[in-house]
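In: one predicted model, sequence on top.
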2 protein chains.
Amino acid sequence: MSKRALPITREQNFPDWYQAVVRDGDMAETSPVRGCMIIKPWGWGVWERIQAELDTRIKDTGHDNCYFPLFIPLSFIAKEAEHVEGFAKEMAVVTHHRLMNKDGKLVVDPDAKLEEPLIVRPTSETIIGDAFQRWIKSYRDLPLLINQWANVVRWEMRTRLFLRTAEFLWQEGHTAHADRDDAMAETLKMLEVYREFSENILAMPVIAGEKPANERFPGADNTYSIEAMMQDGKALQAGTSHYLGTHFAQAQNIQFQNQQGQLTHCHTTSWGVSTRLIGGVIMTHGDDDGLRLPPKIAPRQIVIVPMLRDKPEDKELLDYCGGIEKELKAAGIRVLVDAKPTKSAEKRWNWVRRGAPVIVEVGGRDASGGNVTYMRRDALRDGDKIASHTSPRDAFVAGAAALLDEIQARLYAEAKARLDGNIISNITTFSGLEDYFGAAAGDDEGGVFKGWARVAWSKPEGEKLEAIADRLKALTIRNAPMVQDKVQGACLFTRRTRKEYVLIARAY
Amino acid sequence: MSKRALPITREQNFPDWYQAVVRDGDMAETSPVRGCMIIKPWGWGVWERIQAELDTRIKDTGHDNCYFPLFIPLSFIAKEAEHVEGFAKEMAVVTHHRLMNKDGKLVVDPDAKLEEPLIVRPTSETIIGDAFQRWIKSYRDLPLLINQWANVVRWEMRTRLFLRTAEFLWQEGHTAHADRDDAMAETLKMLEVYREFSENILAMPVIAGEKPANERFPGADNTYSIEAMMQDGKALQAGTSHYLGTHFAQAQNIQFQNQQGQLTHCHTTSWGVSTRLIGGVIMTHGDDDGLRLPPKIAPRQIVIVPMLRDKPEDKELLDYCGGIEKELKAAGIRVLVDAKPTKSAEKRWNWVRRGAPVIVEVGGRDASGGNVTYMRRDALRDGDKIASHTSPRDAFVAGAAALLDEIQARLYAEAKARLDGNIISNITTFSGLEDYFGAAAGDDEGGVFKGWARVAWSKPEGEKLEAIADRLKALTIRNAPMVQDKVQGACLFTRRTRKEYVLIARAY
């Protein structure tokens, strides 16, 4: 086997491979604060691209950005808890507001205890709902369409960079509507925004659908998700959109006077995606040489590495690269000339691991011949060798935007083929499900690649559903796809009349 | 006196006027969480513009954005406290990580106490320094130029929207350098970025200079600021840039191997501006009709209000407005047609209070005549009357960008004249200072307009400086301007040889 840019392959150990991509791709690292990550410049650049693309879509669909407090009074959470069953209680609690010196040591000042503890927001339904209650008076104020970009904290026990961290960054949309129809239309509109964004920008194919009752957001009437298939076959919930009915409106007194003059509760929604998407991108597109970034979210789409030799000719080489850089920039391409004083081979491999879509290496011979030599990160190797291409510089510059489009399309097509080719739909019994997933079902760390199963489902709820969830162990029902074929056969679990298909998979 | 759009004038009560602008201009409101604000869509739109403009400048000067944890272990703060005197201890402290139900009530779970308390970051020198210590090995890694956009929390006792809040948003730059010269050059470069940004984008003239020793950031060798003059004559510190010497590097072991192979401490800097800038914009440009936004940071630069009459002709009017909107958008102008079903007079006054730079009102007669009628927010009134202008639509569209530039320039010129005209420089004795500021000096809430005093200064430090600060009471030394005239006369306080001029003022 040829040498790869990472010390470990996906096949050897997928979770360790993931950590290696995050680390060697300069995306993020663990911090001295339990469960909190440091997002490094390259990883942050990806998040900036995600924010910019998604923010445009959120605004284009009529939402305004705001900012609400980081802290939520305990009483707000308590009020929600009365109305909503089963919300997680693992939260960061602020109890004091001052430190003091005691015997030369810095300690928490016991006299500075807060009257009411403050919770670091795990999500903002309650604090935003409180504002809605003040802002909304009449049907004329509806719909109220708000979004915020923020950090949130959930005290997760087992964390993994990007995928599950105590602090993470996200956008959370919160909206209020006059009736169910309008709120449901909003819920599904944002689900569709997530699907389109995920497929067109992240090149990550997803299946949009409705979560079963046991996987709903606490307090939601309906929860929808987009689910992506990672390269180990596991599902990643990449975004959710909730129709909250009037539960939160009742808990928080969010009412409006309707056109008939009656005071009525609003119907609310919420929806969000987070830095978890970056984990999804890594596990969708990464290979054994590191990350492969879709051009639309790559902080640098083309990186030019001049093969500097610490000689007077370097200046000529840098001028040549600078000329190409200038033209690519003018064409709206995010380009970088990496002129750092390190070896060019080292620089090349750094950019390979970071997943820059196109890496151009320019040596003296390229410059004098008016050429460039480049690698496509989506098709780095020809067998074991690096596949490098030589092109006249003008042709390369003229074709660069099209080349990036082609890379974006190819990464999507590759992931789409994986998703489409790995949903098995001929399982009709529970033992069939067990046979298919076999050892993989119980093995949370993956190992054996297994895709998803599409099975007939009668939509049981309550205790019946709980019993099924228990029986599934490490498997979970991901969602009931929005697009459904004609359903055949009885429900795999209840043998009752099937209502729809659901997808079953191991998941992150 | 004519009716104004705000219930209170600047002259009547400046602090109350400020609150009215923030509230009636839809900028922000207080939240149920003590000291934390809700930034509303219009206020957030201003912050987004500030972020975009400043972020470009931060990147253009070679800095990379990252993201570091919200929480800082108490031990990190304690280590800093050993090295740095006088840092504030008012911080939000997280002590627990779980809630629980007890007798039907939601309470903090006493079993979920953290081993080590976590501090909600008041600033990130310590947590970023810890990363620097890991990331920096050799002179080749320097300079390391990092920035982050984040929320921070300081437990302020007395808060005021935007100006001083427990949670606020900011950018904090943190850099490490091989030597003093390089670090000092960085410190001054970012001070200049702030000055240029403040003057050209916020239209807020400032004086850049060095803070006296007693106003330095704890641990800094030198602290520089930009200071702006508000309409009540008070100074607002609008941004700071610190040269930290090797204090933080020593506390945190940030070392590099220099070209001679010796292990050496880095010289570090930090610099930041915050949502406080928005308070500065309000108090620089607001008038008795509300906010006046410089076009470069206005979320909407031109707002078109069709004078709808709930009649069939409305459609024609909306089409006419839509046509203008489209052409302005194509010219890169942020434009909105406000077609909400409220009265057009109400809409007009809302946009006046919010400070949209140009407000266009289009009635049936305008449309049929191919005209527009517009108001300039920078020159809203002619005496007591509203000054409205009529123009052929094509000429208006063609001249819109130039009109916005003119408004930006006029707001700046107005503020610049105020600053330049209100720095008194003929005070040479302390009693002269007392006479000048008089009652205003002791009155933190303003009332009587007094500008700043420029006085000769011998740069006393230590106890002498403390004594002067005490004597000044509510007055403070703002900074010693970077640009200094030839100094004449003895130090106003010490009568010793003056080294420079400093500015003295009441301040926010």
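Out: Looks like it arrived, so ask away.
In: identify the residues contacting stretch A:137-147?
Out: A:58, A:61-66, A:128, A:132, A:135-136, A:171-178, A:182, A:186, A:256-259, A:266, B:41, B:341-342 (Cβ atoms under 8 Å, 6 or more residues apart in numbering or on different chains). Backbone N, C-alpha and C define where each C-beta goes, glycine included.
In: residue of the stretch 201-350 of chain A nearest chain B, please.
Out: A:P341 (6.6 Å; Cβ to the nearest Cβ).
In: about what we covered before: sitting in strands, which of the contacts of stretch A:137-147 do you find?
Out: A:64-65, A:171-177, A:256-257 (DSSP state E).
In: can you tell me the closest non-neighbouring residue to A:S241?
Out: A:W271 (3.9 Å; Cβ to Cβ, 6 or more residues apart in numbering or on different chains).
In: need the pLDDT of that neighbour.
Out: Listed pLDDT for A:W271 reads 98.
In: contacts only, for it.
Out: Going by Cβ under 8 Å, 6+ apart, A:W271 touches A:172-173, A:187, A:190-191, A:194, A:239-242.
In: 7 Å instead?
Out: A:173, A:190, A:240-242 (Cβ atoms under 7 Å, 6 or more residues apart in numbering or on different chains).
In: before we move on, what SS does A:G272 have?
Out: strand (DSSP: H, G, I helix; E, B strand; the rest coil).
In: neighbours of the residue lying closest to it once chain neighbours are set aside, just the number please.
Out: Counting by Cβ to Cβ, 6+ apart, the nearest residue to A:G272 once its immediate chain neighbours are dropped is A:E172, at 4.5 Å. Using other Cβ atoms under 10 Å in any protein chain shown, A:E172 has 21 neighbouring residues.
In: send me stretch A:180-194 as CSV with only the CA atoms.
Out: Provided in CSV are the C-alpha atoms of stretch A:180-194 (Å, rounded to 0.1, in the frame of the first residue of the first chain):
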residue,chain,number,x,y,z
ARG,A,180,-51.3,25.8,12.4
ASP,A,181,-51.2,26.0,8.6
ASP,A,182,-48.9,29.0,8.5
ALA,A,183,-46.6,27.6,11.2
MET,A,184,-46.5,24.2,9.5
ALA,A,185,-45.7,25.8,6.1
GLU,A,186,-42.8,27.7,7.9
THR,A,187,-41.5,24.5,9.5
LEU,A,188,-41.4,22.7,6.1
LYS,A,189,-40.0,25.7,4.3
MET,A,190,-37.0,25.8,6.6
LEU,A,191,-36.6,22.0,6.3
GLU,A,192,-36.4,22.5,2.6
VAL,A,193,-33.9,25.4,3.0
TYR,A,194,-31.7,23.0,5.0
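In: how about it: buried residues?
Out: A:182-184, A:186-194 (16 or more other Cβ atoms under 10 Å in any protein chain shown).
In: likewise for stretch A:205-217?
Out: Buried residues in stretch A:205-217 (16+ other Cβ under 10 Å): A:205-213, A:215-217.
In: returning to what we had before: among the contacts of A:W271, which two are most distant?
Out: Using Cβ to Cβ, the contacts of A:W271 reach their maximum pairwise distance at A:G173 and A:T240, which is 10.7 Å.
In: where do the contact lists of those two overlap?
Out: Shared contacts of A:G173 and A:T240, defined by Cβ under 7 Å, 6+ apart, are found at A:271-272.
In: next helix or strand past the one helix or strand in chain A whose mean pLDDT sits lowest?
Out: For chain A, using mean pLDDT, DSSP states H and E, the weakest element among its helices and strands is helix A:430-442, scoring a mean of 80. Using DSSP states H and E, the helix or strand that follows helix A:430-442 in sequence is strand A:452-457.
In: pLDDT of that following strand, averaged?
Out: Rounded mean pLDDT across strand A:452-457 is 96.
In: list the helices and strands it packs on?
Out: Contacting strand A:452-457 under the criterion 3 or more Cβ pairs under 7 Å, 6 or more residues apart in numbering or on different chains; DSSP states H and E are the following elements: strand A:423-424, strand A:500-505.
In: let me see the domain layout of chain A.
Out: Annotated domains of chain A cover A:14-285, A:300-409, A:423-505 [automatic domain parsing].
In: in the stretch 351-500 of chain A, which residue sits closest to chain B?
Out: Nearest residue of the stretch 351-500 of chain A to chain B: A:R354, at 13.1 Å (Cβ to the nearest Cβ).
In: got phi/psi on that residue?
Out: phi -80, psi -20 (degrees, to the nearest 10).
In: for the residue nearest to it when sequence neighbours are not counted, give its distance to A:G45.
Out: Excluding the flanking residues, the one nearest A:R354 by Cβ to Cβ, 6+ apart is A:G25, at 4.9 Å. Applying Cβ to Cβ, to the nearest Å, the value for A:G25 to A:G45 is 12 Å.
In: looking at the buried residues of stretch A:180-194, which are in helices?
Out: Among the buried residues of stretch A:180-194, the members found in helices (DSSP state H) are A:182-184, A:186-194.
In: follow-up on the earlier one: show me what the residue nearest to A:S241 is bridged to.
Out: A:G173, A:S241 (DSSP bridges).
In: how close does it sit to A:R57?
Out: Taking Cβ to Cβ, one finds A:W271 at 12 Å from A:R57.
In: quick check on the closest residue to chain B within the stretch 151-300 of chain A: phi, psi?
Out: Relative to chain B, the nearest point of the stretch 151-300 of chain A is A:W155 (4.3 Å; Cβ to the nearest Cβ). Main-chain torsions, A:W155, degrees, to the nearest 10: phi -80, psi 80.
In: which residues touch it?
Out: By Cβ under 7 Å, 6+ apart, the contact set of A:W155 is A:90-92, A:166, B:97-98.
In: for it, which non-adjacent residue is spatially closest?
Out: A:E90 (3.7 Å).
In: try A:D289
Out: A:A5 (4.0 Å).
In: surely the one you found is within a helix?
Out: No - secondary structure of A:A5 (three-state DSSP): coil, not part of a helix.
In: that one contacts A:R353, doesn't it?
Out: Yes - contact criterion Cβ atoms under 7 Å: A:A5 and A:R353 qualify, at 5.2 Å.
In: residues in contact with A:N151?
Out: A:167, A:169, B:70, B:151.
In: who does the last one bridge with?
Out: The reference is to B:N151. For B:N151, the beta-bridge partners under DSSP bridges are B:L169.
In: show the pLDDT at it.
Out: Residue-level pLDDT assigned to B:N151 equals 98.
In: distance of it relative to B:C36?
Out: B:N151 is 10 Å from B:C36, by Cβ to Cβ.
In: find the residues that touch each one of the two.
Out: In contact with both B:N151 and B:C36: A:70, B:167, using Cβ under 7 Å, 6+ apart.
In: so how many other residues sit close to the residue nearest to A:R354?
Out: A:G25 is flanked by 26 other residues according to other Cβ under 10 Å.
In: same thing with the one 10 residues further on?
Out: Look at A:G35: counted by other Cβ under 10 Å, it has 22 neighbours.
In: got it, and A:V46?
Out: Neighbours around A:V46, by other Cβ under 10 Å: 27.
In: give me every residue in the stretch 101-250 of chain A lying close to chain B.
Out: Within the stretch 101-250 of chain A, the positions near chain B by Cβ under 7 Å from any Cβ of the partner chain are A:106, A:108, A:117-118, A:120, A:130-131, A:140, A:151, A:153, A:155, A:167, A:169.
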